[in-house]
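**Student:** Below are the sequence and a predicted model; questions follow.
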Amino acid sequence: MDKASVIGILIGVICLGIVFVEVSHGNFAMFYSLEGLLMVGGGSVSVVFMAMPMDKLLMVPGYIKRFLFNKVLAPTEVVKLMGELSEKARKDGILALESNITNIKEPFLQAGLKMAVDGVDPSTIEATLRLELVAMQDRHKAGKKFFDLIKVYGPGYGLVGTLVGQVGLFGNLAGAEIGALGHMLAVAVCATMYGAIIANAVAGPIGDKLGLRSGEEIVNREMMLQGILSIQAGDNPRVTQDKMLAFIPTTTRLKLKAAA
């Protein structure tokens, strides 16, 4: 479970809850508008169906899971793991890594090491793994795109709901029925509120987090790729580690070198 995501959700829910209680004094029904929900919720759903293919939409649960759970190895863990593999390959030969492959849970690294142990040409290994990187980036872009669409069009449909409510408000001015006027005004304001909340408190943060996660995973896999090629080339473990450290900030790099 990603602690930062959970903390952010809790803070947002608590703050919204406190404000809602203070404003409504417990009468939460005043924040409910069926018309607003249909306009913003239904409108946002219609947009993602129009803009994205069905196979990408079926992956939405996976996008949300990726937001809440971060299973990517930390860069420092990648450095340590590749350093250990390099030491073993240098000492016992690259074929000795075959016993380690089954214990590695990262599919990308596992596939690369299998090819290296099987003696596949380095250029073929690099080309294959880079194709995997491209495919991964495409999947990640789809996840971010889903939430970006909601972020953009959710408030847009909120604005449409506001305009519809205003039309109803002006249309009922002749009768001067306060209840009808108040209902139409509530539709207008609630639709705007729903659009703002879904964009700024839900879709926007999730999309931004997925974008950051994608960047982190790309860097991690690039580190693994360089480490695999270095191990296969028979480089000194220190050289392999230095290649890994090139991807890490200087302060963290110094700490790792001091620990080594």
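**Tutor:** Done, it's in. Numbering: from 1, shown residues only.
**Student:** what stretches of this structure score poorly on pLDDT?
**Tutor:** Residues of the chain meeting the criterion pLDDT under 70: 174-176, 254-260.
**Student:** let's see 80
**Tutor:** 1-2, 24, 26, 70-73, 168-184, 186, 249-260 (pLDDT under 80).
**Student:** Remind me which helix or strand the residue sitting nearest the centre point of the chain belongs to.
**Tutor:** Centroid-nearest residue in the chain, with CA atoms, centre = their mean: Leu210, separated by 1.7 Å. For Leu210, the host element (DSSP states H and E) is helix 204-232.
**Student:** quick one: that helix to chain centroid distance?
**Tutor:** Put simply, helix 204-232 sits 12 Å off its chain's centre (CA atoms, centre = their mean, to the nearest Å).
**Student:** in that helix, what counts as buried?
**Tutor:** 204-207, 209-211, 213-214, 217, 220-221, 223-232 (16 or more other CB atoms under 10 Å). Placement of C-beta: from N, CA and C, glycine included.
**Student:** who's in contact with the residue lying closest to Leu225 once chain neighbours are set aside?
**Tutor:** Excluding its sequence neighbours, the residue lying closest to Leu225 (CB to CB, 6 or more residues apart in numbering) is Leu129, at 5.1 Å. With contact taken as CB atoms under 8 Å, 6 or more residues apart in numbering, Leu129 is in contact with 108, 111-112, 221, 225, 228.
**Student:** switch to 10 Å and redo it
**Tutor:** Residues in contact with Leu129 (CB atoms under 10 Å, 6 or more residues apart in numbering) are 108-109, 111-112, 115, 221-222, 224-225, 228-229.
**Student:** repeat for Asn100
**Tutor:** 81, 84-85, 88-89, 110, 113, 117.
**Student:** Check Leu173 too.
**Tutor:** By CB under 10 Å, 6+ apart, the contact set of Leu173 is 180-181, 184.
**Student:** switch to 8 Å and redo it
**Tutor:** Going by CB under 8 Å, 6+ apart, Leu173 touches Leu181.
**Student:** mind checking the SS state of Leu73?
**Tutor:** Leu73 falls in the coil class when you classify it by DSSP: H, G, I helix; E, B strand; the rest coil.
**Student:** Please renumber the chain so that the first residue is 791 from this point on.
**Tutor:** Sure, I'll start numbering at 791, so the last one becomes Leu863.
**Student:** pretty sure it is touching Asn1010, no?
**Tutor:** Yes: between Leu863 and Asn1010 there is a contact under CB atoms under 8 Å: 6.0 Å.
**Student:** So the residue nearest to Leu1015 versus Phe936, what's the distance?
**Tutor:** 27 Å (CB to CB, to the nearest Å).
**Student:** Go through the host helix or strand of Val977 and flag the buried ones.
**Tutor:** Using DSSP H and E, Val977 maps to helix 968-987. For helix 968-987, the neighbour count (16+ other CB under 10 Å) marks 971, 973-974, 976-985, 987 as buried.
**Student:** elements contacting that helix?
**Tutor:** helix 824-827, helix 912-961 (3 or more CB pairs under 8 Å, 6 or more residues apart in numbering; DSSP states H and E).
**Student:** rerun that using 10 Å as the cut-off
**Tutor:** Other elements packing on helix 968-987 under the criterion 3 or more CB pairs under 10 Å, 6 or more residues apart in numbering; DSSP states H and E are helix 824-827, helix 833-841, helix 912-961.
**Student:** so the last one versus helix 968-987, what angle?
**Tutor:** With axes from the mean of the first three to the mean of the last three CA atoms, to 10 degrees defining the directions, helix 912-961 sits at 170 degrees from helix 968-987.
**Student:** Run the chain-centre distance for helix 912-961.
**Tutor:** Chain-centre distance of helix 912-961: 11 Å, with CA atoms, centre = their mean.
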